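J.: Sequence unavailable; structure follows:
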């Protein structure tokens, strides 16, 4: 977790809400079959290990609409977004065949190891992926349940669930576009940006803000104004993520560097490189991007190409431009409390200028 | 579809509700990216091809509680259960690595073929499974959305969503137990029955009935009484499914015979065989059950063992016993309209005495 994003008290309360809900579900599952507890064990670092970006934006959306700073219901709603995100990550890790997440083995790898440790029959890999599909499904259902039962008035919760509907559809649609772009070897910057917008721009910042506004009964005008701030800031968040995936420190990010390159993920960073690289750089890109056997030397060679052609600086400029755009919009968002405006301004910088 | 289960008018209306919702989602997705329409294309026979067992029980639960026979909201709620089931089947087909469903290629196979047809990069199988995971996720979210927006009064919908929460958690928990039992080579009848209860007994009959009761604002007493009918009838439904998986006609069931044997699925049928078979039969079971290369001759050999030891008759007896038990309970369920009691009695027989 990164204390720069979520205030410490909010972190603590979101964790407490997750604890409360998940311990009840653990007890329920244990009654249906003792071996079901393992699902909760594996869920652990997915549900609890995040930076709480979405609950934080949900909270500030709520505050922007004049919501009570100490209302526990909005924290519970925020916790639901952590479960939604956990579900997305568990399935994403299967899709990307990732080994590690937040410094721990991914869910499908953990289930596969359990299968081997117990000397079970059949393919450990197939079992691992299957169990992880089911765990993600469980978590996806629970996320909506937590939001719906967050304890705020039914009318505002109904509005918030409408935002949630859009959010989960966009999230999955973005993941599919990402997957198809990767298979299709898209090199277009605009196509990569479509994925960034759908998958992260909206899902990470814009929709959580709108969810908070809806929960507080805020006006559609406020929701729209905040969306105009959240769109570019969310896109900048994803662009930073792409840079960290290639140039980040695994000790800090908790996942190996270069996975995106090995998978051939169609990031804006990569699209910039295809735009900017000369013939020799292009040859390296063509040879190494998406090579499943890519090793440290290959990653280093690609890092060099990305740096030499200026793709990293290009993405840095895109990040700065988007943050600046978000901050500009923020000035005219009708928020009464200056502290809320300041928090949103700080967040725009904090989530796009991070090492984790 | 099987006209014996759902009345023709109900079939027509459920399909119309699905059409209405999915065509709106199709338009929405097409606006976000034209290549997203393929998700709806692949969803087709999963969403529309079922026997509508769950919408039918939901409807009769509603009627048992005195609900208006012509209320469209309960049909819409029923349609949501078809989407929930479609999601479960799409993910289940990945888990079981199944080739066919309802006479068509499974979702992951269809996506894999698309990948190959387009000459895309990377593993077509990995792409197929990934896209199918995402399609199931989409459908899982949509099922809840359809139920929540079914148009019935908020108070009863909230109660119904509580049943839905339990239902989707049980469904996934049951699938996990099924998977673990298969990997662990369970041969115990009671362990196999646990899976049947959780995965099908409740999910197919009991919960849809309770959902209908909740939507109509029926009493908890009625819900409990119907659950006591639905539990055994739902279990009998699954036992029939297990028999059809081994002895059914693929032309009628739409899926190859023997898949369960090849996967080593821990059905009650198989547990009965382990209980009843003599040494030579047991040797055949040990050698062939769960053999991924199992061919027609192997399937025939296993069918012979299952018949010779009387496992099929044992399961037939269990089915009859459960249907009888359900019908016995039904006599004392406090339902005013005799036509509703008659419909539930007919259904108990129809869903357990079917060839599809």
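T.: Sure, I can see it. From a predicted model like this one, the values you see are computed outputs, not experimental measurements.

J.: any idea what sits nearest whichever residue of the stretch 151-300 of chain A sits closest to chain B, other than its immediate chain neighbours?
T.: Residue nearest to chain B within the stretch 151-300 of chain A: residue A:183 (3.8 Å; Cβ to the nearest Cβ). Yep, even glycine has a C-beta here, placed from its N, CA and C like the rest. Among residues not flanking residue A:183 along the chain, residue B:120 sits closest, at 3.8 Å (Cβ to Cβ, 6 or more residues apart in numbering or on different chains).

J.: Now do that neighbour against residue A:57, distance only.
T.: Using Cβ to Cβ, to the nearest Å, one obtains 35 Å as the distance from residue B:120 to residue A:57.

J.: Which one of those two is surrounded by more residues?
T.: residue A:57 (30 against 16; other Cβ atoms under 10 Å in any protein chain shown).

J.: what does the helix or strand hosting residue A:306 rub up against?
T.: Assigned by DSSP states H and E, residue A:306 belongs to helix A:296-308. For helix A:296-308, the external contacting residues (Cβ atoms under 8 Å, 6 or more residues apart in numbering or on different chains) are A:246-247, A:257-258, A:261-262, A:269, A:273, A:277, A:281, A:284-285, A:288-289, A:291, A:294, A:311-312.

J.: Just the buried residues from the residues you listed, in ChimeraX please.
T.: Per 16 or more other Cβ atoms under 10 Å in any protein chain shown, the buried members of these correspond to this ChimeraX selection:
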select /A:246,257,258,261,262,269,273,277,281,284,285,288,289,294,311,312
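
J.: Looking at the contacts of helix A:296-308, which are in helices?
T.: The helices, defined by DSSP state H, take in A:246-247, A:261-262, A:269, A:273, A:281, A:284-285, A:288, A:311-312 from the contacts of helix A:296-308.

J.: Let me see the contact set for the residue nearest to residue A:316 when sequence neighbours are not counted.
T.: Leaving out its chain neighbours, the residue that sits closest to residue A:316 by Cβ to Cβ, 6+ apart is residue A:243, at 7.5 Å. Counting by Cβ under 8 Å, 6+ apart, residue A:243 touches A:269, A:312, A:315-316, A:319.

J.: before we move on, what about residue A:66?
T.: For residue A:66, the contact set (Cβ under 8 Å, 6+ apart) comprises A:216, A:218, A:336.

J.: Just send those residues back as a markdown table, with pLDDT, distance to residue B:251 and secondary structure too.
T.: Listed next are the contacts of residue A:66 as a markdown table, based on pLDDT from 0 to 100; distance: Cβ to Cβ, whole Å; DSSP: H, G, I helix; E, B strand; the rest coil:
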| residue | pLDDT | distance to residue B:251 | secondary structure |
| --- | --- | --- | --- |
| A:216 | 98 | 58 | coil |
| A:218 | 98 | 58 | coil |
| A:336 | 94 | 69 | coil |
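
J.: buried subset of these?
T.: Buried among the contacts of residue A:66 by 16+ other Cβ under 10 Å: A:216, A:218.

J.: For the residue lying closest to residue A:337 once chain neighbours are set aside, what is the enclosing helix or strand?
T.: Among residues not flanking residue A:337 along the chain, residue A:63 sits closest, at 7.0 Å (Cβ to Cβ, 6+ apart). Residue A:63 belongs to helix A:53-64 when assigned by DSSP H and E.

J.: Which element is encountered next along the chain beyond that helix?
T.: From helix A:53-64, the next helix or strand downstream (DSSP H and E) is helix A:72-95.

J.: Spell out which residues of the stretch 151-300 of chain A are next to chain B.
T.: Contact residues, the stretch 151-300 of chain A versus chain B (Cβ under 8 Å from any Cβ of the partner chain): A:154, A:158, A:161, A:165, A:168-170, A:172-173, A:175-177, A:179-180, A:182-185, A:194, A:198, A:264, A:290.
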